[in-house]
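1. Could you look at this predicted model? Sequence included:
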Amino acid sequence: MDHAFLIDNIVRAHWFIALDLLGTIAFALSGITIARSEGYSLIGAFVLAALPAIGGGLVMDLIAGRAPVGIIDQPTYMISIIVVVVTAKLVMAFIDLARGRFLFFFDLAYLYVRAQQTMTTRTLLVLFDSIGLASFTVTGVLTAIQFNCRPLVVWGPAFAVLNAAFGTVLRDVFRADAGNPVMKGSFYAEIAAMWGLVLVLGLTWLPPEVDVWIITATLVGTSVMRMVLYKKGIRAPMF
Amino acid sequence: MDHAFLIDNIVRAHWFIALDLLGTIAFALSGITIARSEGYSLIGAFVLAALPAIGGGLVMDLIAGRAPVGIIDQPTYMISIIVVVVTAKLVMAFIDLARGRFLFFFDLAYLYVRAQQTMTTRTLLVLFDSIGLASFTVTGVLTAIQFNCRPLVVWGPAFAVLNAAFGTVLRDVFRADAGNPVMKGSFYAEIAAMWGLVLVLGLTWLPPEVDVWIITATLVGTSVMRMVLYKKGIRAPMF
Amino acid sequence: MDHAFLIDNIVRAHWFIALDLLGTIAFALSGITIARSEGYSLIGAFVLAALPAIGGGLVMDLIAGRAPVGIIDQPTYMISIIVVVVTAKLVMAFIDLARGRFLFFFDLAYLYVRAQQTMTTRTLLVLFDSIGLASFTVTGVLTAIQFNCRPLVVWGPAFAVLNAAFGTVLRDVFRADAGNPVMKGSFYAEIAAMWGLVLVLGLTWLPPEVDVWIITATLVGTSVMRMVLYKKGIRAPMF
């Protein structure tokens, strides 16, 4: 009871929702980057953006029996994805237009910006993506607790993986890409599984008073671990 | 209340159910045409026929929380698909048999019929497919209204796309086809999205008395737009 | 009522649960064999093991409206899959280690064992897989009866196919493998459909007293038919 109340307070807090939306946007961006380079239409880009952002959570909600499912209950996620796709399309249309009209000016600006920002942009994307992995891991575990899916040491990590990484798997399944990185060695879902287990054990064994600290530790641990493993190029254990 | 009652009357009317079944059959035919040319088994053909016809609606029903889902509640759809697959198999078996036994007669008849009907057959298939796109767009939007999925300007068009086009996407995902046309420029899901928005706005802003006219306009607009865009070979906006 | 009671007794009997778990393990093994040969990570192997073992049943449960879904209600299945994947990983890690350290001894033993056991191992795998096909066919049909999905002659066989074969289809869809054998001529889902129909007709037409015999006949018939068709290399009817 105390646990449930405290957990509820945390996931409804503004800072937590902000992290979750940041993650949603980062996941959606991962989809539209692919949509641009592989020649998808505007609606295809929306599908590729929505799958990593909300596809895994939808499957998790259906397994857990949440009714209505999260995307219906909280339309902010769906709206965020639409805004991301439309904004990205407008920005790229503007760049294409600028490239045609103000070629020289644009080229100069482009070279300058590119030299200075490429590394920063990529780092920012990985940062946001890591925050998404972290917040989705936490909401996955909390869903297993909320719907009383026993044993928690199985369903906590399983829901963390479903919520945080399964949508990215689906994105690549829809692209008919046999080289699905999340299933073939990219160190990603494993982090959600490990920290999901840590969070389950912490919330089960420790007193409710420290719930907020366990959740914070999971958020920091997950995102830092993702960034370090990514930067060092460490691969997940193969089968 | 008035809206709900009038809408209910429309979707239960014989003419609407007839359009919906015609669409189901057209979508099933799109699957079995592929099954024939790509060497699928009888049960594989059934999967490829069922996915575009009922796969998108099933995903929509699960998101909306409809219980039981439409295909269980109204077995006519499942039975139609079985009838289409079995009939197509029997017709093709008869043609194969006839080709072996009455070769000369068949060839003569074949050449005559082919010259005259190829264009008509293709036009008929596109007509039925367009009717399916139209009726599935309407039932998608009405599902969003029935299950009170807010905001309607998001979920109306989203459910129209899920119901009318997502099954076709699934069909190509199951074939592991990376060239998924609905996501790569075939002007199809976009039409469902646009007319889904028109229908939502019409049902929201206009008095209940004109509901039947708004639905009729959506049915006609969707199918005519699909046929015109198809005939003219116009592609959807790319990302 | 009598039917329901007797059927309930059968599916809760130890011998039936043992068959069902044996099938789950065989299906999971089919996934990890592929994971090893195609370079999947540990978590990728888990996905490929879980899809054929529980993926089809999950889709069936969602269509039938079972709440909570079977994998949440009976965590034994999920735990079995985790045990299978971890055990297989440990065994293979040990073999890799042994190969490095005791090369000569291992090679001798390997050659001896291989010559004698290859056929036996493969036969055992096909036997277990056939038992899985049989028990999943039975639980599929019983789910259609339990959730009153009418007409039973449609939904009984359909749920048998979903429960017993759809997960294997999903496994190959996730691998983006266009040569999906269950849809392209491997005689597998057809057996579930046929015996599913036999079981529905038997349970519908015959008195409740013989329910246990009809179910036993379906289990034996399904697994024997699968093994005979596999050994003789007989293909399913093409479309």
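-> Sure, I can see it. Residues are numbered from 1 along each chain as shown, chains lettered A, B, ... in the order given.
2. Quick check, pLDDT for the spatially most central residue of chain A.
-> Nearest to the mean C-alpha position of chain A, counting by C-alpha atoms, centre = their mean, stands residue A:132 at 3.6 Å. The confidence metric pLDDT takes the value 93 at residue A:132.
3. show me what contacts residue A:26?
-> A:125, A:128-129, A:131-132 (C-beta atoms under 8 Å, 6 or more residues apart in numbering or on different chains). Any C-beta I mention is one placed from the backbone N, CA and C, and that applies to glycine too.
4. Same question for residue A:160.
-> By C-beta under 8 Å, 6+ apart, the contact list for residue A:160 reads A:136-138, A:140-141, A:192-193, A:195-196, A:199.
5. ditto for residue A:62
-> Applying C-beta under 8 Å, 6+ apart, the residues contacting residue A:62 are A:69, B:62, C:62, C:69.
6. If you drop the residues flanking it in sequence, what lies closest to the residue of chain A found nearest chain B?
-> Proximity of chain A to chain B (C-beta to the nearest C-beta) peaks at residue A:44, 3.1 Å away. Nearest in space to residue A:44, with sequence neighbours left out and distances taken as C-beta to C-beta, 6 or more residues apart in numbering or on different chains, is residue B:183 at 3.1 Å.
7. do the same with residue A:227
-> For residue A:227, the spatially nearest residue (C-beta to C-beta, 6+ apart) is residue A:130, at 5.1 Å.
8. which residues of chain A fall in helices?
-> A:2-11, A:14-37, A:42-50, A:56-64, A:70-73, A:76-101, A:103-146, A:152-161, A:167-174, A:189-205, A:211-232 (DSSP state H).
9. Other residues contacting the third one?
-> Residues from elsewhere that reach helix A:42-50 (C-beta under 8 Å, 6+ apart): A:27-29, A:31-32, A:34-36, A:40, A:78, A:81-82, A:84-85, A:88-89, A:171, A:174-175, B:161, B:169, B:180, B:182-185, B:189-190, B:193, B:236-239.
10. Which among these count as buried?
-> Neighbour-count burial (16 or more other C-beta atoms under 10 Å in any protein chain shown) applied to the contacts of helix A:42-50 gives A:27-29, A:31-32, A:34-36, A:40, A:78, A:81-82, A:84-85, A:88-89, A:171, A:174-175, B:161, B:169, B:180, B:182-185, B:189-190, B:193, B:236, B:239.
11. rewinding a little: any chance of TSV for the contacts of residue A:26, columns distance to chain C?
-> Formatted as TSV, these follow (distance: C-beta to the nearest C-beta, whole Å):
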residue	distance to chain C
A:125	23
A:128	22
A:129	17
A:131	21
A:132	18
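12. just the buried members of these?
-> A:128-129, A:131-132.
13. farthest-separated two in those?
-> The most widely separated members of those, counting by C-beta to C-beta, are A:129 and A:131 (7.3 Å).
14. what sits in contact with each of the two?
-> A:23, A:26.
15. Surely residue A:28 and residue A:80 touch.
-> Yes - counting by C-beta atoms under 8 Å, residue A:28 touches residue A:80, with 7.2 Å between them.
16. okay, and the common contacts of these two?
-> residue A:53.
17. which intervals of chain A have sub-threshold pLDDT?
-> A:1-2, A:99-119 (pLDDT under 70).
18. same thing but 80
-> Chain A contains residues with pLDDT under 80 at A:1-8, A:11, A:95-122.
19. ok, whatever residue of it ends up closest to chain C - contacts?
-> Going by C-beta to the nearest C-beta, chain C is nearest to residue A:183 of chain A, at 3.1 Å. Residues counted as contacts of residue A:183 (C-beta under 8 Å, 6+ apart) are A:169, C:40-41, C:43-44, C:47-48, C:174.
20. about what we covered before: kindly present the buried ones among the contacts of residue A:26 as JSON lines, with separate columns for distance to residue B:155.
-> JSON lines is the format used below for the buried ones among the contacts of residue A:26 (distance: C-beta to C-beta, whole Å):
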{"residue": "A:128", "distance to residue B:155": "27"}
{"residue": "A:129", "distance to residue B:155": "27"}
{"residue": "A:131", "distance to residue B:155": "27"}
{"residue": "A:132", "distance to residue B:155": "23"}
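21. Which single one of the residues you listed is nearest to residue B:9?
-> Nearest member of the buried ones among the contacts of residue A:26 to residue B:9, counting by C-beta to C-beta, is residue A:132, at 45.7 Å.
22. And for the closest residue in space to the closest one that isn't next to it in sequence, the neighbour number?
-> Leaving out its chain neighbours, the residue that sits closest to residue A:132 by C-beta to C-beta, 6+ apart is residue A:23, at 2.4 Å. Applying other C-beta atoms under 10 Å in any protein chain shown, we find 24 residues neighbouring residue A:23.
23. Chain C contacts on chain A?
-> Listed as neighbours of chain C in chain A under the rule C-beta under 8 Å from any C-beta of the partner chain: A:62-65, A:147, A:149-151, A:154-155, A:158, A:161, A:169, A:172-173, A:176-178, A:180, A:182-186, A:189-190, A:193, A:235-239.
24. How about residue A:150: what's its closest non-neighbour residue?
-> residue C:75 (6.4 Å).
25. The one you found: what's it in contact with?
-> Residue C:75 touches A:150-151, A:154-155, counting by C-beta under 8 Å, 6+ apart.
26. Show the contacting residues for the residue nearest to residue A:190 when sequence neighbours are not counted.
-> Counting by C-beta to C-beta, 6+ apart, residue A:236 is the residue found nearest to residue A:190 once chain neighbours are left out, at 5.0 Å. With contact set as C-beta under 8 Å, 6+ apart, residue A:236 has these partners: A:185-190, C:41-43.
27. how far away is residue A:235 from residue A:16?
-> 31 Å (C-beta to C-beta, to the nearest Å).
28. Looking at these two, which has the bigger crowd around it?
-> A direct count of neighbours by other C-beta under 10 Å for residue A:235 and residue A:16 places residue A:16 higher, at 18 against 11.
29. correct me, but the more buried one touches residue A:134?
-> No - Residue A:16 is beyond contact range of residue A:134, at 10.7 Å (criterion: C-beta under 8 Å).
30. Around chain B, which positions in chain A sit nearby?
-> So chain A meets chain B at A:32, A:35-36, A:39-45, A:47-48, A:58, A:62, A:67-69, A:71-72, A:75, A:78-79, A:82, A:85, A:88-89, A:92, A:173-178 (C-beta under 8 Å from any C-beta).
31. swap the cut-off to 6 Å and go again
-> A:35-36, A:40-45, A:47, A:62, A:67-69, A:72, A:78, A:174, A:176 (C-beta under 6 Å from any C-beta of the partner chain).
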